[in-house]
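*Asks:* Need a 3D model of the sequence below.
(one chain, ligands or ions: 1)
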Amino acid sequence: MTRTAIPRLAIIGGGPAGLMAAEQAVDAGMAVDLYDAMGSVGRKFLLAGKGGLNLTHAEPFANFVGRYGERQGEIADWLRAFDADALRAWARTLGVETFVGSSGRVFPADLKAAPLLRRWVHRLREAGVVFHMHHRWLGWHGDGALRFATAAGERLVQAQAVVLALGGASWPQLGSDGAWVAPLRQAGIDIAPLQPANCGFELAWSEHLRRRFAGAPLKPVVAIWTDRHGGTQTRQGECVLSGYGIEGSLVYAIGADLREQIAAHGTTMLHLDLVPGYTQAVLADRLAAPRGKHSIGDWLRRRAGLDPARCALVFELTDGATLADPLALSARLKALPLQLRAPRPLAEAISTAGGVRLEALDDALMLRRRPGVFCAGEMLDWEAPTGGYLLTACFASGVLAGRGAVDWLKNLPGRQAGGDERRSP
Ligand SMILES: Cc1cc2nc3c(=O)[nH]c(=O)nc-3n(C[C@H](O)[C@H](O)[C@H](O)COP(=O)(O)OP(=O)(O)OC[C@H]3O[C@@H](n4cnc5c(N)ncnc54)[C@H](O)[C@@H]3O)c2cc1C
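*Replies:* Purely as a prediction, here's the structure:
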């Protein structure tokens, strides 16, 4: 076991939140050491760039903060420190221009994450941040030192302030595996159980539907579901049939309610309006016209505009008597019931719900029970749909935690005056 000289600030986790905290601190003149379990930083950020990096969203502030649901009060405070416009301006300082897509989502001009990350890490290194890769944080030693597993054995590091930015637990192969829960719980920190967010849900499809229609989009449809307070909600959007069930942006957006309902009742019903363009009365009229020699499938295509995937879904979930009755069939098309059995596993999810409860933190995101230790990013207990809201809150919390750590270090008793914190080159 080796012990290492004291860095002023240790940042653990080199995702968007940790890198942003590092930037705040090094810009304020602090010596910063950044540790990450992996061989390079920002692996999930790079993955996010594969499908077109959705950095943030251009909608008005009130709508934006509403996306954080029950945590919008706290996250509004983070976003007042660093909002979507600040994020776009920051990207510009790295030479990355952004644009607003037709849905209001904001992307880098080239849609990629890699150039932005490369320039950012370069800038941080130039500013003096020292990167320590292959350092897996294990918790605290009895004397308060940080314990890291490294290829050379366990290493102990004394730091005067720490920012933990360890991510959630989805896609663990990219570095964030949620193993931090155990040492934090041991330290008495209140942590909400980690759960999948922005994930698909499982249903028992027939082999026929799975084989023929896995991957088929359903757009547009209207979801009708029960929220966590027992109210009925509706929302239009797009989803995708998958081999295991159903996924896509509409399912992700309402996934927190679906997950809570399943946790409370074992399953939940999601109803889909497959024909949002028709009222049920008009649809019933159209289906009641003499069918002649047309099969029901053909009739649904001609009279209700159903594509083959929607047709297959209707046949999968509807009995013969309902199919033969235009009124009952029209009601079915306006609210096709899907019984959801479980969210997909956390490892597959886009993000993680649960984590360090915000009540365990002060306004600067410092752990109340562990002064000098700050937390940021997806490891905190909040969730949001896709649309750039995840990254924006990670960046904003990184800003707050980084600034909080700087203020903490500046106010430490015995600190020498002047810019004494910067590591000599
Ligand atoms: C497929 C996919 C697409 C996505 N697309 C988008 C998108 O377009 N827009 C959007 O807003 N969000 C998107 N996200 C979500 C977004 O990438 C995450 O919310 C964000 O990366 C979380 O940032 P973070 O810094 O909190 O954690 P991470 O990015 O997970 O970084 C945490 C870091 O901590 C390190 N670490 C973990 N445990 C330890 C340990 N014990 N010791 C040392 N280091 C450790 C990890 O190696 C990692 O580098 C996407 C996610 C996925 C999976």
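*Asks:* Please report phi then psi for residue 194.
*Replies:* Comment: the main-chain dihedrals of residue 194 come out as phi -70, psi 130, following degrees, to the nearest 10.
*Asks:* Give me the spatial nearest neighbour of it, chain neighbours excluded.
*Replies:* The spatial neighbour of residue 194 that comes closest, neighbours along the chain excluded (C-beta to C-beta, 6 or more residues apart in numbering), is residue 354 at 4.5 Å. All C-beta atoms are positioned from the backbone trio N, CA, C, and that covers glycine.
*Asks:* Now for that neighbour, how many residues are close by?
*Replies:* Other residues near residue 354 come to 22 when the count uses other C-beta atoms under 10 Å.
*Asks:* Which helix or which strand is home to it?
*Replies:* strand 351-356 (DSSP states H and E).
*Asks:* What's the mean pLDDT across that strand?
*Replies:* The average pLDDT within strand 351-356 is 98.
*Asks:* Kindly format the C-alpha coordinates of that strand as PDB.
*Replies:* Output in PDB follows, covering the C-alpha atoms of strand 351-356 (Å, rounded to 0.1, in the frame of the first residue of the first chain):
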ATOM      1  CA  SER A 351     -29.700   6.400 -17.300                       C
ATOM      2  CA  THR A 352     -30.100   5.600 -13.600                       C
ATOM      3  CA  ALA A 353     -32.700   6.800 -11.200                       C
ATOM      4  CA  GLY A 354     -32.000   6.900  -7.500                       C
ATOM      5  CA  GLY A 355     -28.600   7.700  -5.900                       C
ATOM      6  CA  VAL A 356     -27.400  10.000  -3.200                       C
END
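*Asks:* Count the residues that sit near residue 179.
*Replies:* A total of 15 residues lie near residue 179 under the criterion other C-beta under 10 Å.
*Asks:* Check it and give its pLDDT.
*Replies:* 98.
*Asks:* and what of residue 229?
*Replies:* In this prediction, residue 229 carries a pLDDT score of 89.
*Asks:* can you tell me how far the spatially closest residue to residue 189 that is not a sequence neighbour sits from residue 352?
*Replies:* Using C-beta to C-beta, 6+ apart and skipping the chain neighbours, the partner closest in space to residue 189 is residue 360 (5.4 Å). Residue 360 is 17 Å from residue 352, where distance means C-beta to C-beta, to the nearest Å.
*Asks:* These two: which is more packed in?
*Replies:* Shown here are residue 360 and residue 352; by other C-beta under 10 Å, residue 352 has more neighbours (26 against 22).
*Asks:* number of nearby residues for the residue of the stretch 301-425 of the chain found nearest the ligand?
*Replies:* Among residues of the stretch 301-425 of the chain, the one nearest the ligand by C-beta to the nearest ligand atom turns out to be residue 377. It sits 2.3 Å away. As a burial measure, residue 377 scores 32 neighbours (other C-beta under 10 Å).
*Asks:* now do residue 209
*Replies:* For residue 209, the number of neighbouring residues by other C-beta under 10 Å comes to 19.
*Asks:* Helix, strand, or coil at it?
*Replies:* Put simply, residue 209 is helix when judged by DSSP: H, G, I helix; E, B strand; the rest coil.
*Asks:* cool, and the one 3 residues further on?
*Replies:* Reducing the assignment to helix, strand or coil with three-state DSSP, the entry for residue 212 is helix.
*Asks:* check contacts around residue 54.
*Replies:* Contacts were defined as C-beta atoms under 8 Å, 6 or more residues apart in numbering; by that measure residue 54 touches 48, 105, 106, 107, 386, 387, 388, 391.
*Asks:* cutoff 10 Å now
*Replies:* 48, 101, 103, 105-108, 111, 386-392 (C-beta atoms under 10 Å, 6 or more residues apart in numbering).
*Asks:* Which of the residues you listed fall within strands?
*Replies:* For the contacts of residue 54, membership in strands holds for 105, 106, 107, 108, with DSSP state E as the criterion.
*Asks:* Return the member of these nearest to residue 319.
*Replies:* residue 105 (41.0 Å; C-beta to C-beta).
*Asks:* I figured that closest one hits residue 385, correct?
*Replies:* No - using C-beta atoms under 10 Å, residue 105 makes no contact with residue 385, being 11.3 Å away.
*Asks:* Residue 150 against residue 135, yeah?
*Replies:* Yes - with contact taken as C-beta under 10 Å, residue 150 and residue 135 are classed as touching, separated by 5.6 Å.
*Asks:* which SSE is the residue of the chain positioned farthest from its centre in?
*Replies:* In the chain, the residue that sits farthest from the middle, by C-alpha atoms, centre = their mean, is residue 292; the gap is 51.0 Å. When elements are assigned from DSSP H and E, residue 292 belongs to no helix and no strand.
*Asks:* Geometrically speaking, which residue is the centre of the protein?
*Replies:* Ranked by distance to the mean C-alpha position of the chain (C-alpha atoms, centre = their mean), the top residue is residue 351 at 3.4 Å.
*Asks:* what residues does the stretch 151-300 of the chain put near the ligand?
*Replies:* Near the ligand, the residues belonging to the stretch 151-300 of the chain are 165, 166, 167, 170, 171, 175, 176, 179, 180 when assessed by C-beta under 6 Å from any ligand atom.
*Asks:* Buried among the residues you listed? Need that as a selection in PyMOL.
*Replies:* Restricted to the buried members of these, where burial is judged by 16 or more other C-beta atoms under 10 Å, the PyMOL selection command reads as follows:
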select buried, resi 165+166+167+170+171+175+176+180
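*Asks:* Can you tell me which of the residues of the stretch 151-300 of the chain next to the ligand is closest to residue 186?
*Replies:* The closest of those, once distances to residue 186 are taken by C-beta to C-beta, is residue 180, at 10.7 Å.
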